[in-house]
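Enquirer: I need the structure of the sequence given here:
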Amino acid sequence: MANSLSSLLFPSRLRHFDERLPFRSEFSYSNLMYGLAGHVIGRLTNGSWMDALHDRLTRPMGMADTYTAREVLEGEGLKENLAQGYLVDPLQGATLELDQEQLWAATDTGVAAGGVVSTAEDMARWMRFHLKGGKTPEGVRLVRKRLLKETHAPQMAITSGTFPREGLYRPESAVDDTVPAYCMGWVTGTYRGYKRLVHGGTLASYNTLMTLFPSENIGIFTVSNGVAQFQSDVHWSIHNYISDFALGEIPWLNSSTICHQGRRRHTGSPGEFAYVSGPSDLAVSPRHSRETTSGFHQTAAVTTASKPLGKYAGVYHSLALGNFSVRLDAVSSSLRFRYGLFGTGHLQPGLLHEHEMRMVFTGPLWYIQGFKVVFTKTPEGFVTSLHVDSGPDNKPTFHRLDTVSTVNSDVASSAAHLVDSKAYPNVHILLFAYLVHYLISLFFRRCFTSEVYS
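Expert: Residues are numbered from 1 along each chain as shown. Sure, this is the predicted structure:
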């Protein structure tokens, strides 16, 4: 696959990421670190993480229908059996199919963090493996009990505001439902006095949650493929309701208490950001379809600003994330951006601050919302850098390499794209892992203002 080289180069980029917090000082989840762990496993086993997964776990456990993203793309008949993902276009209110081939092609580097495709039956086998202390259904030990138990043990305290869900405590709540510590791929805590292991995952329209009660030999797994706006909250509510029955407790969730359950969320606000409105030169996708002349769903209006935007055009570079290109479209007088293979769209200048611009994705990542680009200028007005703002702590910086003249040529754009891709072949992979990770936290912050939890 074209992504193989990207997977090999991926670890060399990580050293250039800014350190968010001192090592082991505070909980901070990172999909990129799980991608690195997968790379290390491949090196230690003289193969790949995918091979190690199958040779040491899935095949011995009889998980015959569990694959990695790469296998789904390359395997015969696998894509056709994959559950179609659905998303809602917030501008049209239409339900659209997710372009699955583009989605799975972008997960190669981060496969160890979220690139596994499976079935309910295989996930039941996976839960039994953990509940049996590392044994297969036939009693064959695959992992030493002591080592597996260590992965279930607390490794880092989760302080308030650092995890998507806040705990419930008596007497404010009818039950205790805590998430005080992170383990190795699990969150540990208690539910109604019982020790619980839990972990969820989100990738575009897909949402999963797994819950284990080791002392009671209980496991619960749910998965959805859209289009519910607040899927995570739905999963947690379902799990708590099922847990009550499985534990022999009287269910406490009803039409009233379930609303309180949904308000356990991150504190924070996405903030206000005003934009200039203007006509669009993009074709809007038909309802309930993602097909357009370009093959991708296209969204709303391109903004025409009242001030010249050519000064922002250029190529901006990050040692960690590669090139971020900005060009001025002469026809629409709007700024277009390109990042890697999948990140394309236009920038809407802010009404209050021209140098703060909203990112409107128009390619296969059209569903990503809430990101903005903030340009930095010298006192003389020369633009020197930009950062992508996806949250209070997530603002990677790209420094300007050169200036780019006004472009209105698909050929020129494609040529620039090829140069970027050859020089930085893993940029599109890093983009997707980076955006998906921060998009999840963005959803949590946004839902706070709506009195619901995602």
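Enquirer: any idea how far Ala124 lies from Thr66?
Expert: Relative to Thr66, Ala124 is positioned 12 Å away (C-beta to C-beta, to the nearest Å). Any C-beta I mention is one placed from the backbone N, CA and C, and that applies to glycine too.
Enquirer: More neighbours: these two, which one.
Expert: Taking neighbours as other C-beta atoms under 10 Å, Ala124 and Thr66 compare with Thr66 leading, 22 against 14.
Enquirer: And the more buried one, what's its pLDDT?
Expert: pLDDT, Thr66: 95.
Enquirer: start at 25 instead
Expert: Okay, residue one is now 25; in that scheme the one you just asked about reads as Thr90.
Enquirer: so how far is Tyr110 from the nearest residue to it once chain neighbours are set aside?
Expert: Closest residue in space to Thr90, ignoring its immediate chain neighbours: Ser142 at 4.2 Å, by C-beta to C-beta, 6 or more residues apart in numbering. The spacing between Ser142 and Tyr110, counted by C-beta to C-beta, is 19 Å.
Enquirer: Show me where the stretch 325-474 of the chain has its helices.
Expert: For the stretch 325-474 of the chain, the helices defined by DSSP state H, counting those that start in this stretch cover 434-447, 451-472.
Enquirer: what residues are up against Gly243?
Expert: 148, 151-152, 154-155, 234-237 (C-beta atoms under 8 Å, 6 or more residues apart in numbering).
Enquirer: Filter the residues you listed down to the ones in strands?
Expert: Cross-referencing those against strands under DSSP state E gives 234-237.
Enquirer: looking at the residues you listed, which has the most residues close by?
Expert: Busiest of the ones in strands among the contacts of Gly243 [other C-beta under 10 Å] is Thr235, holding 25 neighbours.
Enquirer: And that one, how far from Asn264?
Expert: Applying C-beta to C-beta, the value for Thr235 to Asn264 is 9 Å.
Enquirer: now swap in Thr160 and tell me
Expert: Distance of Thr160 to Asn264, given as C-beta to C-beta: 30 Å.
Enquirer: In terms of distance to Val397, which of the ones in strands among the contacts of Gly243 ranks first?
Expert: Met234 (36.3 Å; C-beta to C-beta).
Enquirer: any idea what sits nearest the closest one, other than its immediate chain neighbours?
Expert: With C-beta to C-beta, 6+ apart as the criterion, Met234 has its nearest non-adjacent residue at 4.9 Å, and that residue is Phe245.
Enquirer: Spell out the residue ranges of the helices in the stretch 25-174 of the chain.
Expert: 28-38, 55-68, 73-77, 83-85, 93-98, 124-129, 135-138, 144-155, 169-175.
Enquirer: So for the last one, what gets flagged as buried?
Expert: Right, the one you point to is helix 169-175. Residues Leu172 are the ones in helix 169-175 that count as buried (16 or more other C-beta atoms under 10 Å).
Enquirer: Pro388 contacts Gln126, doesn't it?
Expert: Yes - Pro388 is within contact range of Gln126, at 4.0 Å (criterion: C-beta atoms under 8 Å).
Enquirer: Who are the contact partners of the residue of the chain positioned farthest from its centre?
Expert: Within the chain, Glu404 marks the point farthest from the mean C-alpha position, 38.3 Å out by C-alpha atoms, centre = their mean. By C-beta under 8 Å, 6+ apart, the contact list for Glu404 is empty.
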